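Trainee: Next one to model:
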Amino acid sequence: MKKWQLIILDRDGVINFDSDDYIKSVSEWQAIPGSLEAIAKINQHHIPVVVCTNQSGIARKLFTIEELHRMHEKMQRELQTMQGHVDKIYFCAHHPDESCNCRKPKAGMYLQALQDFNADPQQTLVIGDSLRDIKAAQTAGCYAALVKTGKGERTLAKDKDLTEIPVYTNLEDAINNLLAETVV
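Mentor: Now for the predicted structure:
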């Protein structure tokens, strides 16, 4: 039984539908069915939930930081209708060629979240849809889970090293199962 101190979620492909062409606008940001309900369920357990997301579309000039903030405002508004919220959103706006420490698979965003929420990495759950989410979680010492939405199916097909990582259909399935194991 785990007692989660913090839950870290990837955004694109976990909370909202993803696109190989990037999610560039508020109108393109569409929640995956059940994902917002899953976040509200985390809130009901009084566990802080944060989002850590690579957003290199900003460095690529596909959208602006202001548009990113509008997407996040939309997500928070939709969550509010379910009495839910995300406690904090971390994002890396750097291009993959830049040598920042925040872009996943580096663990900078996760380490910052752990510090900000004074959370034990071993009691922190990370849910993502790609190998870079899992690698960042492992580097930070967190418990990692993969969802099949977004890039999840491709990640599973490509990366055979994920046998130790629990896999769930989507965020709702992951939260239903992982919170059922939680000590409250």
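Trainee: for the top helix by length along the chain, packing partners?
Mentor: The helix that spans the most residues within the chain, counting by DSSP state H, is helix 65-80. Secondary structure elements in contact with helix 65-80, counted by 3 or more C-beta pairs under 8 Å, 6 or more residues apart in numbering; DSSP states H and E, are helix 35-44. Backbone N, C-alpha and C define where each C-beta goes, glycine included.
Trainee: how many degrees apart are the next helix or strand after the helix it packs on and helix 65-80 in direction?
Mentor: On the C-terminal side of helix 35-44, the nearest following helix or strand under DSSP states H and E is strand 49-54. Angle, strand 49-54 to helix 65-80, by axes from the mean of the first three to the mean of the last three C-alpha atoms, to 10 degrees: 150 degrees.
Trainee: For the longest helix of the chain, buried residues please.
Mentor: Neighbour-count burial for helix 65-80, with 16 or more other C-beta atoms under 10 Å as criterion, is recorded at 67-68, 71-72, 74-75, 78-79.
Trainee: just stretch 26-46 next, same as before
Mentor: Buried residues in stretch 26-46, counting neighbours by 16+ other C-beta under 10 Å, are found at 26, 29, 31-32, 34-43.
Trainee: Any chance of JSON lines for the buried residues of helix 65-80, columns distance to K2 and pLDDT?
Mentor: Shown next, in JSON lines, are the buried residues of helix 65-80 (distance: C-beta to C-beta, whole Å; pLDDT from 0 to 100):
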{"residue": "E67", "distance to K2": "36", "pLDDT": "98"}
{"residue": "L68", "distance to K2": "32", "pLDDT": "97"}
{"residue": "M71", "distance to K2": "31", "pLDDT": "98"}
{"residue": "H72", "distance to K2": "28", "pLDDT": "98"}
{"residue": "K74", "distance to K2": "31", "pLDDT": "98"}
{"residue": "M75", "distance to K2": "26", "pLDDT": "98"}
{"residue": "E78", "distance to K2": "28", "pLDDT": "98"}
{"residue": "L79", "distance to K2": "24", "pLDDT": "98"}
